[in-house]
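A.B. asks: show me how the following folds:
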Amino acid sequence: MVVANTPAKPTTSLDHLVIKTPCTMDWGLMDGDNRKRFCSRCEKHVYDVSQMTRDEALELFAGDGTICAKIYRRPDGTIVTSECPPQEKKLAKRRLQFSIGALIALLTASAGVFATSPWIVRTVQPIVGKWFPSKNPKPTVTMGSMCVMGDVICVEPTEDTP
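C.D. replies: Model prediction:
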């Protein structure tokens with residue numbers, strides 16, 4: 001929280017405010033709302049600029065006299081107002097996007113590894129078969145049946161063929 005002495009003429013930019021005297025009073029101990037509170041020690045209203053629009057803050061500082069205000073100044077010198085997107089939200093959004101991207105990459109790589117593993121067919125295929133039964137069931141194989149695979153040709157029966 002700071003006390004800013006403002007000139008009588010309107011300030012064109014909040015970023016050029018001159019902070020004369022810092023105040024040690026705790027904002028949480030003052031009566032009021034998030035935008036304006038009353039300091040019982042100096043008997044003045046204290047304004048939180050971060051809860052105001054830029055135009056509202058400029059209008060506040062355009063008046064005569066000393067204004068007591070709570071401000072947040074970014075490293076680049078700009079003063080935070082309610083119109084400014086919070087930096088924390090931007091960082092949180094970037095972290096979330098990075099985490100989702102990393103998760104997708106991990107899942108894609110894992111799916112590739114599992115799809116090429118021979119044990120996956122033996123382990124997962126029976127489970128999938130229970131959940132999604134085939135529309136064309138395989139013929140049942142009886143005892144003594146033999147399975148032969150290979151190229152099939154059609155041979156005309158001859159008199160010697162039983």
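A.B. asks: could I get the average pLDDT for whichever helix in the chain runs longest?
C.D. replies: Assignment by DSSP state H gives helix 87-116 as the longest helix of the chain. Computed over helix 87-116, the mean pLDDT rounds to 83.
A.B. asks: which parts of the chain are strands?
C.D. replies: Secondary structure of the chain (DSSP state E): strands at 2-5, 19-22, 31-32, 36-39, 44-48, 66-70.
A.B. asks: with respect to residue 110, which of these lies nearest?
C.D. replies: strand 44-48 (48.7 Å; CB to CB). For the C-beta atoms, the positions are set from N, CA and C on the backbone; glycine is no exception.
A.B. asks: list the helices and strands that closest one packs on?
C.D. replies: strand 36-39, strand 66-70 (3 or more CB pairs under 8 Å, 6 or more residues apart in numbering; DSSP states H and E).
A.B. asks: could you list the domains of the protein?
C.D. replies: Domains of the chain are assigned by automatic domain parsing as 2-70, 85-116.
A.B. asks: and those as JSON lines, adding mean neighbour count and distance to residue 127?
C.D. replies: Below are the domains of the chain laid out as JSON lines (neighbours: other CB atoms under 10 Å; distance: least, CB to CB, whole Å):
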{"stretch": "domain 2-70", "mean neighbour count": "14", "distance to residue 127": "56"}
{"stretch": "domain 85-116", "mean neighbour count": "10", "distance to residue 127": "13"}
